[in-house]
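>>> kindly return the folded structure for what I paste below:
(2 chains)
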Amino acid sequence: MRITILNGNPNAENTRFDNYLKSLSDLLESSNHTVTTLKLREMDIKYCIGCFNCWVKTPGECRVADDSRDVCREYINSDLVLFVSPIIMGFTSTLLKKAHEKLLPLLLPYVELVQNESHHVSRYEKYPRIGLLLEKEKDTDDEDLKIITDIYKRDAINFKTSFCFTKLITDSAEEVTNEINSI
Amino acid sequence: MKLIVFNGSPRGKESTTTILLKHFSDGFMATEENTHELAYLNHVKDSEKFIKLFREAEQVLLAFPLYDDVMPAIVKTFIESLEPFCGRADNPSIGFLVQSGFAEANHSRYVERYLEKLARRLSCQYLGTVIKGNANRIEEQPGWMTKKIFKSFHELGRTFGKTGEFDKQILLKLAKPEKLSAFQLWIFRLILKTPLANLNWNKLLKENKTFEKRFNKPYVDEIIS
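Take a look at the predicted model:
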């Protein structure tokens, strides 16, 4: 599989986090996956300003020529995308959220019914499956993990795909690799 | 009552969130002794000012449009800046307003759970979440469609200004429909078969001379089959 890891760790001093991802990436490659890790904190990604120009002025692309275009390119060409982030104030990082909402041009403005709800129409024929890999903050509890997971499950509906798993970086890289190999 | 309103629309003043807040605030200010202050979170560099406003507030209303079924990144930036306030004894009460372009309130129920937990995390009294769907480009919707909505927001603000609580009946009314009914689904499916379904988007595409490019797939050549 072609796998993209969106590393939403904003803190370069959190080496435990990045080292874990390096181990995971190595293990996945040794399982014959092609892995691209995008270290979002080293990329220039502006906030989405909700202008919808990616739908009506430059269809399919954000009008701002920032690195979100690279994120979109990697995303849509992947079989699996891992959203990876420390939990900060009960949710994934701002860094990851910034990149996430700039995926909007991958959809069309039009609306259709999916599971009897209104959702935007696909622009592409195929979207990657998604998974979550999180680092707990000190007060993270099961309710937090359920809230985050449920919101990303909604995202899977929005992006016409399936949600595979929520894992923690306290789970071994081998365990996460096995989970991915079983997809 | 002193209310601090954080407008979390990335579009700032030119936004649906601003319009809904205006009607709410007008109602809130109908009670003489009330005061309110408005801060625009899209001015991300004003983070210090936002923190100061939060620290000194009695009541806070955080309002934003739904992005990816959750808050926009500018709002998450603000929330992360509040981390030092977790567990502080004298935090303000906090309520939320979430608006989206989708008709159904259900889209916003997931972030509502997050917001309720956020209030607990901050040890703020949770005042509830106002959810309003079908609000995209509300300024362009005809008056007969918006009159009742704006009136409801005014009334919600007025009663909040008196009691410090959201009127539960108005919340329920604004959130309708929670999900599309069988009849609404039937109408929806019917509309989807007609040019009416995409009328507004196609109008914008034609105005921008991009209609022919509407299905562009700038990254399609690289898709692995």
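>>> and for the spatially closest residue to A:Gly8 that is not a sequence neighbour, the neighbour number?
The spatially closest residue to A:Gly8, leaving aside those adjacent along the chain, is A:Leu96, at 2.8 Å (C-beta to C-beta, 6 or more residues apart in numbering or on different chains). Where you see a C-beta, it was placed from the backbone N, CA and C, and this is true even at glycine. Using other C-beta atoms under 10 Å in any protein chain shown, the number of residues around A:Leu96 comes to 24.
>>> surely A:Leu96 and A:Leu6 touch.
Yes - taking contacts as C-beta atoms under 8 Å, A:Leu96 lies within contact range of A:Leu6: 6.3 Å.
>>> where do the contact lists of those two overlap?
Common contacts of A:Leu96 and A:Leu6, defined by C-beta atoms under 8 Å, 6 or more residues apart in numbering or on different chains, comprise A:40, A:83-84.
>>> chain A: strands as residue ranges?
A:2-7, A:34-39, A:80-86, A:107-114, A:117-122, A:129-135, A:163-168 (DSSP state E).
>>> what packs against the first one?
It stands for strand A:2-7. helix A:15-30, strand A:34-39, helix A:68-76, strand A:80-86, helix A:94-101 (3 or more C-beta pairs under 8 Å, 6 or more residues apart in numbering or on different chains; DSSP states H and E).
>>> CSV for these, including mean pLDDT?
As requested, the helices and strands packed on strand A:2-7 are exported to CSV (pLDDT from 0 to 100):
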stretch, mean pLDDT
helix A:15-30, 97
strand A:34-39, 98
helix A:68-76, 97
strand A:80-86, 98
helix A:94-101, 98
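>>> could those be laid out in a markdown table, adding distance to B:Val70?
Shown next, in a markdown table, are the helices and strands packed on strand A:2-7 (distance: least, C-beta to C-beta, whole Å):
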| stretch | distance to B:Val70 |
| --- | --- |
| helix A:15-30 | 22 |
| strand A:34-39 | 20 |
| helix A:68-76 | 18 |
| strand A:80-86 | 12 |
| helix A:94-101 | 8 |
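>>> which residues touch residue 164?
Just so you know, I chose chain A. Going by C-beta under 8 Å, 6+ apart, the list of residues near A:Cys164 reads A:80, A:129-131, A:179-180, A:183.
>>> oops, wrong one, chain B.
By C-beta under 8 Å, 6+ apart, the residues touching B:Gly164 are B:1, B:59, B:93, B:127.
>>> quick check: closest non-adjacent residue to residue 76.
This is for chain A. B:Tyr219 (5.0 Å).
>>> that was the other one, I meant chain B.
Leaving aside its sequence neighbours, B:Lys76 sits nearest to A:Thr94 (C-beta to C-beta, 6+ apart; 4.5 Å).
>>> mind listing what the most centrally placed residue in chain A touches?
In chain A, the centroid-proximal residue (C-alpha atoms, centre = their mean) is A:Phe83; its distance is 3.3 Å. Contacts for A:Phe83 (C-beta under 8 Å, 6+ apart) come out as A:6, A:8, A:92, A:96, A:100, A:130-133, A:152.
>>> what is the nearest of these to B:Lys147?
A:His100 (36.1 Å; C-beta to C-beta).
>>> make JSON lines out of the contacts of B:Gly164 and add secondary structure and pLDDT.
Shown next, in JSON lines, are the contacts of B:Gly164 (DSSP: H, G, I helix; E, B strand; the rest coil; pLDDT from 0 to 100):
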{"residue": "B:Met1", "secondary structure": "coil", "pLDDT": "89"}
{"residue": "B:Gln59", "secondary structure": "strand", "pLDDT": "96"}
{"residue": "B:Ser93", "secondary structure": "strand", "pLDDT": "97"}
{"residue": "B:Leu127", "secondary structure": "strand", "pLDDT": "97"}
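>>> so which of these would count as near chain A as well?
By C-beta under 8 Å from any C-beta of the partner chain, no member of the contacts of B:Gly164 lies near chain A.
>>> quick one: which of those residues has the most company?
Going by other C-beta under 10 Å, B:Gln59 tops the contacts of B:Gly164 with 22 neighbours.
>>> wait, that residue sits on B:Phe28?
No - at 9.5 Å, B:Gln59 does not count as touching B:Phe28 under the criterion of C-beta under 8 Å.
>>> so what sits against both of the two?
B:1, B:3.
>>> the helices in chain B, which residues?
B:16-28, B:47-56, B:73-81, B:109-121, B:143-163, B:168-174, B:182-192, B:199-207 (DSSP state H).
>>> figure out which of those helices is closest to A:Lys57.
Closest of the helices of chain B to A:Lys57 is helix B:199-207, at 8.6 Å (criterion: C-beta to C-beta).
>>> on that earlier part again, tell me the most buried of the helices of chain B?
helix B:73-81 (a mean of 23; mean count of other C-beta atoms under 10 Å in any protein chain shown).
>>> show me what that helix is packed against.
helix A:94-101, helix B:47-56, strand B:59-65.
>>> contacts for the first one?
Yep, that's helix A:94-101 we're talking about. So helix A:94-101 is contacted by A:6, A:8-10, A:38, A:40-41, A:43, A:45-48, A:68, A:71, A:83-85, A:88, A:91-92, A:155, B:67-68, B:70, B:72-73, B:76-77, B:80 (C-beta under 8 Å, 6+ apart).
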